[in-house]
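[1] Have a look at this fold, sequence not included:
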């Protein structure tokens, strides 16, 4: 899993053990809204899902080690911070929050964004030897984005398939991740991931009262 | 934790006895190892197997054959037992396991200038195996455990739980490292290499570590350790007579051309652009690289993103196209650069060249999309 996504999901799951509000719940209605109601996705009915305060929505059917689909929103200035040099970090520390220079901006081409995601994956140890299977453009909720498919083996030699889609808007980076063992699970649950990405909606009058009621 | 405890217990027990450790003098002696050694060999084999399974081995028969031929020259009596392998990681690392497996990271290989430097490193690592430093080190249970826990997964190698591998990777005690310097040095002199090169590789690593402020676990793990290597080799060179052997630069550069480019590629893929700049901004070094290196230099400038870096990047890409017109990635980045500057016609021409040279490129759909966009805007 993308390290940024993984960190956020882990933080959320730790929280989930201590806070009722963040606990896993059975998905009985597909629509899932982010905590701040700024975006929504559809999740497969019958899976379990968790939504946290940090704008992460995750779901699994058989457990996180088997398959996990997630949607994560990150502010530009918080994305891929590990690539900042010490000099850049120092300079950013002196700037006002809205003037900090970020690795990500709204003008980035999807291919450039995908390049950052690959660099992020490769600089983690477990997935440092990922093989990119495909890197395609993808329209997500009307935004130009990317879809990366890659494979890697964990330290026990088990092969995983991993998809990450994403796009940037004026303020945020949105990423959608799916990871599962290559045999059986990945092809089986790929449709659930595709459906989640295709169903993504940003705020801006797209939610109606019925949607909001359904997601509660 | 339980696995650690099980691994450490026998080491602790053996640590109580002080059975003298005898060096390997010939290949057949490796077939008669003690139970204590056998345990370390089993762990080493397990580590070898993990490396094999995890897809991080750089599989290149010609390169492996070359590296092992250098090893053969340095240690002919044990060459059949020692196996040199390459790991596809851009970090500065090299290590020997107690069973004679020696691993070099491509980043380490790419930093060398000639065969004499390679022989220095291989000779040093081979001493760790021949003098059974793994056994000696494993008796120091506290140190081994600390190393194993300390390095975690940051090396990019799946070694959690493997104390032997952990201690091999992060280095042995100061005394054992000095031992490896001295005996390794004797072997490279005997093999006819220019021993003055021995210190250069460590000086270069030290300069890189200092310049880039590297804090990852790697060969000799810390700056003071590298300083010790430099001092140790300088002492050995000072004692030597003045008839120095060959550097083997030509053969080394030929045999490692691909791997040096592979190392640049891995560095850029991880956004380690400062390492690339440190190597390739030196024109004398750049000249020794295949022409594609200009492309990676351009990529490093682009990633740095300073005031004049866009111009520097484009100049480097154009140089790559000039020197190696069949290298597809240069056209792709030139296309992107032109597109961003609203030079539609040139962007489309570069994109088309890219797809002509790389018709199966993973990012083909993006490129086709860009060409379509330029055409629709009337730029092509």
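    Now that the structure is in, tell me what you want to look at. Only a predicted model underlies this, so the values are computations on that prediction, with no experimental measurement involved.

[2] Contacts only, for the residue in the stretch 1-150 of chain B that chain A sits nearest to.
    Per Cβ to the nearest Cβ, residue B:53 is where the stretch 1-150 of chain B lies closest to chain A, at 3.3 Å. From N, CA and C alone the C-beta is placed, and that goes for glycine too. Taking Cβ atoms under 8 Å, 6 or more residues apart in numbering or on different chains, we find residue B:53 in contact with A:153, A:156-157.

[3] 7 Å - rerun?
    Applying Cβ atoms under 7 Å, 6 or more residues apart in numbering or on different chains to residue B:53 gives the contacts A:153, A:157.

[4] Mind checking what secondary structure the closest residue to residue B:37 other than its chain neighbours has?
    Using Cβ to Cβ, 6 or more residues apart in numbering or on different chains and skipping the chain neighbours, the partner closest in space to residue B:37 is residue B:135 (5.8 Å). Put simply, residue B:135 is helix when judged by DSSP: H, G, I helix; E, B strand; the rest coil.

[5] Could you verify my assumption that residue B:135 touches residue B:39?
    No: under the criterion of Cβ atoms under 7 Å, residue B:135 is not in contact with residue B:39, lying 9.6 Å apart.

[6] what about chain B, any weak spots by pLDDT?
    Along chain B, segments meeting pLDDT under 70 span B:1-19, B:139-171, B:213-224, B:241-243, B:379-380.

[7] Longest helix in it, by number of residues?
    With secondary structure taken from DSSP state H, chain B has its longest helix at helix B:35-53.

[8] Tell me which helix or strand comes right after that one.
    Using DSSP states H and E, the helix or strand that follows helix B:35-53 towards the C-terminus is helix B:61-74.

[9] Quick one: neighbours of the nearest residue to residue A:172 once chain neighbours are set aside, just the number.
    Among residues not flanking residue A:172 along the chain, residue A:73 sits closest, at 5.2 Å (Cβ to Cβ, 6+ apart). By other Cβ atoms under 10 Å in any protein chain shown, 22 other residues sit near residue A:73.

[10] Can you give the strand pairings for the strand or helix carrying residue A:73, parallel or anti for each?
    Using DSSP H and E, residue A:73 falls within strand A:68-75. Here strand A:68-75 is paired, per DSSP bridges, with strand A:56-60 (antiparallel), strand A:172-181 (antiparallel).

[11] Deepest in the core, which of these is it.
    strand A:56-60 (a mean of 25; mean count of other Cβ atoms under 10 Å in any protein chain shown).

[12] could you pull out the helices for chain A?
    A:3-18, A:86-94, A:110-122, A:185-198, A:209-215.

[13] Show me the helices in the stretch 251-380 of chain B, by range?
    Under the criterion DSSP state H, counting those that start in this stretch, the stretch 251-380 of chain B carries helices at the ranges B:257-269, B:273-280, B:283-286, B:293-304, B:309-323, B:328-340, B:344-357, B:364-376.

[14] what inclination does the fifth one have with respect to helix B:273-280?
    Angular relation of helix B:309-323 and helix B:273-280 on a 0 to 180 degree scale: 50 degrees, by axes from the mean of the first three to the mean of the last three Cα atoms, to 10 degrees.

[15] for the stretch 101-250 of chain B, what spans make up the strands?
    Along the stretch 101-250 of chain B, counting by DSSP state E, counting those that start in this stretch, strands occupy B:101-105.

[16] Does residue A:201 touch residue A:140 like I think?
    No: between residue A:201 and residue A:140 there is no contact under Cβ under 7 Å: 10.0 Å.

[17] With adjacent residues omitted, what lies nearest to residue B:124?
    Using Cβ to Cβ, 6+ apart and skipping residues adjacent in sequence, the residue nearest residue B:124 is residue B:184, 4.0 Å away.

[18] remind me which residues of chain A are low pLDDT?
    Residues of chain A meeting the criterion pLDDT under 70: A:1-22, A:85-88, A:92, A:94-102, A:124-128, A:155, A:204-216.

[19] again, only using 90
    For chain A, residues meeting the criterion pLDDT under 90 lie at A:1-24, A:35-38, A:52-55, A:64-65, A:75-112, A:115-116, A:118-134, A:152-159, A:170-171, A:203-216.

[20] before we move on, the earlier item: can you tell which of the helices of the stretch 251-380 of chain B is closest to residue B:229?
    helix B:273-280 (19.4 Å; Cβ to Cβ).

[21] Please compute how far the closest one lies from its chain's middle.
    Mean-position distance between helix B:273-280 and its chain equals 15 Å (Cα atoms, centre = their mean, to the nearest Å).

[22] and the angle from the longest helix of chain B to strand B:101-105?
    Going by the same axes, to 10 degrees, helix B:35-53 makes 40 degrees with strand B:101-105.

[23] Show me which residues of helix B:35-53 are buried.
    Across helix B:35-53, burial judged by 16 or more other Cβ atoms under 10 Å in any protein chain shown covers B:36-37, B:39-41, B:43-44, B:47-48, B:50-51, B:53.

[24] Identify, from the residues you listed, the entry nearest to residue B:371.
    Nearest member of these to residue B:371, counting by Cβ to Cβ, is residue B:53, at 41.3 Å.

[25] All the helices of the stretch 51-200 of chain B, residue numbers only.
    Counting by DSSP H, counting those that start in this stretch, the helices of the stretch 51-200 of chain B are B:61-74, B:106-111, B:115-130, B:133-138, B:141-151, B:163-170, B:174-190, B:197-212.

[26] before we move on, back to that, for the strand holding residue A:73, which residues meet the burial criterion?
    Neighbour counts over strand A:68-75 (16+ other Cβ under 10 Å) mark A:68-74 as buried.

[27] Quick check: of those residues, which lies closest to chain B?
    Chain B lies nearest to residue A:74 out of the buried residues of strand A:68-75, by Cβ to the nearest Cβ, at 17.4 Å.

[28] Leaving aside the residues adjacent along the chain, what's closest to the closest one?
    residue A:173 (4.8 Å).

[29] same deal with residue B:279?
    That would be residue B:285: by Cβ to Cβ, 6+ apart, it lies 5.7 Å from residue B:279.
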